[in-house]
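*Asks:* just a sequence and a predicted model for now, questions to come.
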Amino acid sequence: MKQIVKTVEPNSLLQHRASQFANFDNIPLATKEELRQSLLSEQGHICCYCMKRIPEHTSPYMKVEHYKCQDNFGAFQLTYSNLLGACTGNEGQPKIKHTCDTKKGNADLTISPTSTLLICETLFKYNSEGEISSISDNADVNRQLNEVLNLNMQTLKDGRSEIYLEVQERVRLESKRTKKDKSSFVKFLEQERVKWLERTDNKHRPYCSVAVYYLTKKIKSHQN
């Protein structure tokens, strides 16, 4: 999961919300598409939960996720700060494969990708098998990751593991090249971290927080 900085809502959504009897289900198609594009842009084209790439121009390519669900929090169904872009979460496949919004349904979360008080990246750790878990071994956070969002479903673990091992190998080779030149090695780590934080064509790389976690940990270990 990666922090999402919410931007200004689309004007068409604002206009729809101001209309009589407005709700999420009667949003005009053009307004909903503009909403999707706005969510994609602010998230760097990755899912708000699993960080998988949300493909463009394929249908259905994404879901508009209500962080506070429509059934229990109807007053927030058109509130832009409550809306996120999620992958399809294997919708239509067996429930054991459901992830993200498709798995979450009406369940509540306390971990939020939009929180400015508790940055979500600081809550998680990753290992070489691609598993995501609470950095403080918090049982409730782990429950939400596994039972509410199913973020340790095998295909997601495989995607994260690939990134983890790719970055780990680059770091290993650079460590061998620089040998005892600690300052050059730390500089390399910092530059790599910046690359994984940046966007290309306004897109984050899938599972980017895995690389950032690993590199941040390596930087801290070499600064002590």
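*Replies:* Thanks, I have the structure now. Residues are numbered from 1 along each chain as shown.
*Asks:* so Ser133: helix, strand or coil?
*Replies:* Secondary structure, DSSP: H, G, I helix; E, B strand; the rest coil: Ser133 is strand.
*Asks:* which residues touch it?
*Replies:* Contact analysis of Ser133 by Cβ atoms under 8 Å, 6 or more residues apart in numbering lists Phe124, Lys125, Tyr126, Asn127, Asn142, Leu145. Where you see a C-beta, it was placed from the backbone N, CA and C, and this is true even at glycine.
*Asks:* would you write a PyMOL line that selects the buried entries of the residues you listed?
*Replies:* In PyMOL, this line selects whichever of these come out buried by 16 or more other Cβ atoms under 10 Å:
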select buried, resi 124+126+142+145
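*Asks:* I'd like the contacts of Ser133 as TSV, with pLDDT appended.
*Replies:* Converted to TSV, the contacts of Ser133 look like this (pLDDT from 0 to 100):
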residue	pLDDT
Phe124	97
Lys125	97
Tyr126	98
Asn127	97
Asn142	97
Leu145	97
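*Asks:* what's the closest of the contacts of Ser133 to Ser184?
*Replies:* Tyr126 (25.9 Å; Cβ to Cβ).
*Asks:* beta partners of that closest one?
*Replies:* Ile132 (DSSP bridges).
*Asks:* that one and Ala211 touch, don't they?
*Replies:* No. The pair Tyr126 and Ala211 does not pass the contact test of Cβ atoms under 8 Å, sitting 9.2 Å apart.
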